[in-house]
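Visitor: What follows is a predicted protein model with its sequence.
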Amino acid sequence: MKQALADRKVIEKAKGIIMKMANMDEAEAFRRLQKLASEKNRKLVEVAAMIWKAEEAFKST
């Protein structure tokens, strides 16, 4: 249960990043995240974590 909540937090954060960067609504951002996960053959939360980490790295430069 705790892991599911943690995963959801990561996914929500990544959706927010996508919404901001690509100027899209929440549903579009989620579909984009799903598409990326499918294309990369990765779990949704893995792709979301990559997006979050990349955004954090970008902000720190």
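Guide: Sure thing, it's come through. Numbers count the residues shown, from 1 in each chain.

Visitor: same for the helix or strand hosting residue 11, what does it pack against?
Guide: Assigned by DSSP states H and E, residue 11 falls within helix 2-22. Counting by 3 or more C-beta pairs under 8 Å, 6 or more residues apart in numbering; DSSP states H and E, the packing neighbours recorded for helix 2-22 are helix 26-40, helix 44-59. Just so you know, the C-beta spots here come from the backbone N, C-alpha and C atoms, and that holds for glycine as well.

Visitor: buried set for it?
Guide: Using 16 or more other C-beta atoms under 10 Å as the test for burial, helix 2-22 gives 7, 10-11, 13-15, 17-19.

Visitor: residues making contact with that helix?
Guide: 24-26, 28-30, 32-33, 44-45, 47-49, 51-52, 55 (C-beta atoms under 8 Å, 6 or more residues apart in numbering).
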